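*Asks:* Below are the sequence and a predicted model for it; my questions follow.
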Amino acid sequence: MRALLVGVLLFISASMDSAGAELRRVLLLHAFGHAYSPWSDMAASFRSELMEGSSEPIDVFEISLDMARVRAPENEGPFVEYIRSVVAERKLDLVVPVGAPAAHFLQRHQPRRQ
């Protein structure tokens, strides 16, 4: 887990060095909400390491999918629209899924590059 955090911090650090003092935006996408351990513990540790390790300002957004209530991917539409509305005017530098269901959600709904 710590190796993952260090890797992400190095990635962010490298991209920040080349871009100047711009505000960085990070989205933590929680699969089950903020109160579910061990995911909440991991997210808190990640957030703390991210803030302490960056010399640039970071704006962290957190969204909970509460995937325990959504049984089928075809019912995810409201979550997708909500997330799009929250980040519509913001360029995200990093999206971090917290939990496997959040990672699968991102894979299903990431914008297609051309």
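*Replies:* Perfect, I can see it now. Numbers count the residues shown, from 1 in each chain.

*Asks:* if I look at the closest residue to P97 other than its chain neighbours, how far off is L27?
*Replies:* Of all residues beyond its chain neighbours, the one nearest P97 is A103 (4.0 Å), with distances taken as Cβ to Cβ, 6 or more residues apart in numbering. From N, CA and C alone the C-beta is placed, and that goes for glycine too. Look at A103 and L27: by Cβ to Cβ, to the nearest Å, they are 13 Å apart.

*Asks:* So for those two, which sits in the more crowded spot?
*Replies:* Taking other Cβ atoms under 10 Å, A103 and L27 do not tie; L27 has more neighbours (20 against 14).

*Asks:* Could you tell me whether that one really is in a strand?
*Replies:* Yes: the assignment for L27 by DSSP: H, G, I helix; E, B strand; the rest coil puts it in a strand.

*Asks:* can you give me the helices in the chain?
*Replies:* 2-19, 39-53, 77-87, 100-109 (DSSP state H).
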